Each structure stands twice: as C-alpha cells, then as structure tokens.
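Participant: What shape does this take:
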Amino acid sequence: MKPALLLSALAASALAASIPTVAAAASTVVLPASMCPNSDPIFANGFEATPAVPSQPSLGSGGAYPGNVTRSVNVPGLGTRTYYLHVPAGYTPTRAWPLLLALRGTTANTQAARDAAAQQIRANWANWSDSAGFIVIAPVGNAGSNPNASGWGAPGDGAEISADLDDAIANYNVEKSRIYLWGFSAGAHYGHSLALNSPNYFAAYGVSAGSLELYACTDNGSYPPTCAALLGGATPKIPVDIHLGTTDPLASPPYTAAGDPARFEANGWTLNRNLYYTLFAGGHTYTIAQLGEIWNHLCPFALAQ
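Facilitator: As a prediction, the model looks like this:
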C-alpha cells in the first residue's frame with residue numbers, strides 16, 4: 001500500500017465536479033511564439049497545426065490592482081473564506097490576462113499556518129507574475145474537518161477553489177482559455193487530480209515535488225481509479241510540467257513519483273512537447289528560478305472550445 005493520502009474515487013469525482021465545466025470538449029492550442037517569448041523554441045513550430053488564438057475574456061471588473069490583494073468569498077457550507085491574489089504590475093482591465101491557480105504544500109494544522117503558506121506561495125510567484133504578465137491566485141483551503149487538514153482533501157476544498165476561481169474571473173478580466181494550475185507537495189498531489197479530472201478547464205499545469213499515486217490514482221489495483229484509466233481518459237492530453245529533486249523521498253520506494261513521466265508517456269503524452277520533466281539536484285523543495293522554468297512551459301498552451 002502507498003502512504004495514506006489517497007481518497008476514494010467518489011471524493012476525486014466530487015473534486016472535479018466542483019470546478020466549473022464547459023459546454024463542449026476542448027482542444028489544446030499552441031500559441032504563437034511571440035506570446036511567450038521566453039518559452040522553449042520548439043513552440044515556434046508547434047506540435048500540431050495552430051488554429052486561431054483562442055479568446056475568451058471574462059470581462060470582469062471591480063477588483064483592486066496592481067499588486068497583492070486579499071479577497072473574501074462566500075462558499076456554500078463553509079461561509080466566508082479568504083484567498084490571496086497577485087495582480088501584475090501592468091494589469092489593465094481593458095484586455096484579458098492569463099491566470100495561475102497556485103496550491104500550497106502541507107502546513108501545521110492551524111488556520112494561521114495555512115494562511116501564511118498561501119501568502120508565501122503568492123509571494124514566490126509575484127515577480128514572475130509581474131514580468132510575464134499573469135494573475136496568481138492562492139487559495140487557503142481546509143475549512144472543513146479532515147484528519148489530513150494541513151494538506152489538501154478536506155471536505156469543501158474543491159468548492160472553495162471553485163468559488164475563488166469564479167470570484168477572480170468575475171472581478172478581473174481573465175483570459176479563460178489560459179487558466180493554469182501549479183502545486184507544491186500536497187498541493188501537487190491534489191493538483192494532479194484536479195487538472196486531470198478537469199482537462200477542459202485548465203490549459204496546462206505543473207507540479208513540484210508531487211506524485212500521481214499520492215492522491216490522483218494508483219497502479220496496484222487496490223484503489224480506483226488506476227493511473228492508466230485516469231491518464232488514458234484525459235481529453236485533451238493536458239500539458240504538464242514535472243519538477244522532482246533527486247533526493248526527494250517521493251523519488252524512491254514506496255513512493256513512485258520518479259515513474260510518473262513514464263506513466264504519462266504510456267498514455268499519450270510526448271516528452272518535450274506536452275510533457276516536461278526536470279530531475280534536479282535537491283530534495284523535497286522548489287526554487288523561485290524553477291517557477292520561471294515551469295511558467296515558460298505552461299505559457300504557450302491555451303484551450304480552444
């Protein structure tokens with residue numbers, strides 16, 4: 001058995017169901033290189049014919065900008081919840097901006113610790129937000145009760161994230177074809193499930209120090225869904241960036257994060273096209289510089305409906 005962060009298939013389905021859905025299946029579009037100038041040059045050619053650049057501006061208005069912003073939303077069953085944003089220095093509501101949902105790692109099991117962790121995630125992304133031009137939102141999570149309430153997976157976490165996204169989209173002009181996700185540690189485990197169960201919502205996603213088998217799926221057949229079923233059923237094949245340290249415990253048995261790239265490749269992803277894998281010298285961590293690498297791999301992708 002893998003360590004006990006796995007939830008039931010019902011919980012995973014409920015998580016995906018809480019994220020806003022779209023009316024029809026989406027397809028992945030590779031944007032013109034000029035839109036993401038610091039990204040991998042392979043995108044200048046693309047890996048499929050490039051249709052017109054998708055445009056789905058939310059036309060939201062009313063949110064404070066620029067810089068760090070704190071907003072409160074009402075989440076059914078949870079009451080008023082706070083989340084944290086960084087709005088880039090150049091933001092103007094006259095055009096639509098990409099948005100990155102950033103999920104913290106595990107903290108001490110207190111509300112103050114979870115708030116601080118969400119704010120730190122926002123701070124770590126802030127310079128990239130300003131220089132590359134995208135909005136960052138960092139939910140807090142875990143208003144509900146759960147034995148693992150310092151990580152992710154408490155009842156209501158999905159609803160809280162969905163409410164945060166809805167609020168940001170309503171109050172800022174968000175380019176809805178370019179909503180991305182990134183998570184660290186527990187946020188990465190949870191992020192795998194959130195993105196792979198919502199490939200018609202997120203354009204691409206990244207994980208740092210995360211593992212498919214610690215939340216999203218398993219290979220051993222004792223816990224549905226299997227990774228093959230989850231990955232094989234994901235349409236479109238949502239682009240993913242994986243960063244993992246060589247001395248991260250997740251890279252060694254009984255954890256299996258080092259095998260995740262092969263799982264993606266076996267189910268239709270292509271390395272260095274819609275799958276990026278960086279194995280770096282280090283442990284269960286990430287660096288600010290790596291966040292820039294991750295953004296450069298996510299930025300060129302959009303969803304066309």
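Participant: Identify the bridge partners of the residue nearest to Ile294 when sequence neighbours are not counted.
Facilitator: In space, and not counting its chain neighbours, Ile294 is closest to Gly206: 4.2 Å by CB to CB, 6 or more residues apart in numbering. The way it works is simple: take the backbone N, C-alpha and C, and place the C-beta from them, glycine included. Listed by DSSP bridges, the beta-bridge partners for Gly206 are Trp182, Asp241.
Participant: Now for Gly206, how many residues are close by?
Facilitator: 30 (other CB atoms under 10 Å).
Participant: now do Gly105
Facilitator: Gly105 is flanked by 23 other residues according to other CB under 10 Å.
Participant: so how far is Tyr83 from it?
Facilitator: In this view, Gly105 and Tyr83 are 16 Å apart by CB to CB, to the nearest Å.
Participant: now swap in Asn220 and tell me
Facilitator: Asn220 is 36 Å from Tyr83, where distance means CB to CB.
Participant: So between these two, which is more surrounded?
Facilitator: Neighbours per residue, other CB under 10 Å: of Asn220 and Tyr83, the larger number sits with Tyr83, 25 against 11.
Participant: pLDDT wise, what is that one at?
Facilitator: Note on Tyr83: pLDDT of 98.
Participant: quick one: which helix or strand includes it?
Facilitator: strand 79-87 (DSSP states H and E).
Participant: What is that strand packed up against?
Facilitator: Judged by 3 or more CB pairs under 8 Å, 6 or more residues apart in numbering; DSSP states H and E, the packing partners of strand 79-87 are strand 67-75, helix 111-132, strand 135-139, helix 157-171.
Participant: hey, which of these is tucked in deepest?
Facilitator: Here the criterion is mean neighbour count by mean count of other CB atoms under 10 Å, and of those the winner is strand 135-139, at a mean of 27.
Participant: Give the rounded mean pLDDT of that one.
Facilitator: Computed over strand 135-139, the mean pLDDT rounds to 98.
Participant: Excluding residues flanking it in the chain, which one is nearest the residue most central in space within the chain?
Facilitator: The residue lying closest to the centre of the chain (CA atoms, centre = their mean) is Leu181, at 1.9 Å. Excluding the flanking residues, the one nearest Leu181 by CB to CB, 6+ apart is Tyr205, at 4.0 Å.
Participant: ok, now which ones touch the one you found?
Facilitator: Applying CB atoms under 8 Å, 6 or more residues apart in numbering to Tyr205 gives the contacts Tyr180, Leu181, Trp182, Gly183, Gly191, Ala195, Ile238, Pro239, Val240, Asp241, Leu298.
Participant: same thing but 7 Å
Facilitator: Tyr180, Leu181, Trp182, Gly191, Ala195, Ile238, Val240 (CB atoms under 7 Å, 6 or more residues apart in numbering).
Participant: Could you check the pLDDT of the third one?
Facilitator: The predicted local confidence for Trp182 comes out at a pLDDT of 98.
Participant: So for stretch 74-81, what gets flagged as buried?
Facilitator: Neighbour counts over stretch 74-81 (16 or more other CB atoms under 10 Å) mark Val75, Leu78, Arg81 as buried.
Participant: so can I have JSON lines of those residues showing distance to Ala96?
Facilitator: What follows is the buried residues of stretch 74-81, written out as JSON lines (distance: CB to CB, whole Å):
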{"residue": "Val75", "distance to Ala96": "25"}
{"residue": "Leu78", "distance to Ala96": "29"}
{"residue": "Arg81", "distance to Ala96": "25"}
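Participant: If anything else comes up later, I'll come back, but that's it for now.
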